[in-house]
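# Return atomic coordinates for the entry below.
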Amino acid sequence: MKHRHKRFERLEDVYRYIVNYKIQCDGVSPTIRQICKGANVSSTYVVYTHIEKLKDDGRIAYILGDKGKVSGYAVTGGQWKSPSDL
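Numbers count the residues shown, from 1 in each chain. Sure thing, here's the model as predicted:
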């Protein structure tokens with residue numbers, strides 16, 4: 001049970017990092033490596049699995065760029081506003 005709790009905490013750390021990064025960087029999404037560093041996760045694969053879980057849960061959505069590649073993440077239910085709009 002303790003292992004499951006730690007995994008949930010990591011998932012939330014990754015989610016919070018994505019949200020905070022997007023707020024601080026005018027809506028730009030962090031890279032997988034930036035998420036690793038910011039959320040204290042040593043493995044890019046672990047971050048990737050957390051991102052997939054967040055996507056499957058409907059908390060984030062992929063932003064697709066050229067050729068259908070993921071170019072960022074949208075926070076579901078979130079709305080970015082320009083500082084001039086505040």
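
# same question for stretch 68-86, mean pLDDT?
Averaging pLDDT along stretch 68-86 yields 72.

# Can you tell me which residue is spatially central in this structure?
Ile18 (3.6 Å; C-alpha atoms, centre = their mean).

# Tell me the confidence at it?
pLDDT for Ile18: 94.

# My read is that it contacts Ser29, right?
Yes. Between Ile18 and Ser29 there is a contact under C-beta atoms under 8 Å: 7.1 Å. From N, CA and C alone the C-beta is placed, and that goes for glycine too.

# circling back to that earlier point, got phi/psi on the residue nearest to the centre of the chain?
As for Ile18, its main-chain torsions (degrees, to the nearest 10) stand at phi -60, psi -50.

# Now the common contact residues for Ile18 and Ser29.
Tyr73 (C-beta atoms under 8 Å, 6 or more residues apart in numbering).

# State the distance from the residue nearest to the centre of the chain to Ile32.
Counting by C-beta to C-beta, to the nearest Å, the gap from Ile18 to Ile32 is 11 Å.

# next one: Asp57
Counting by C-beta to C-beta - Asp57 and Ile32 are separated by 18 Å.
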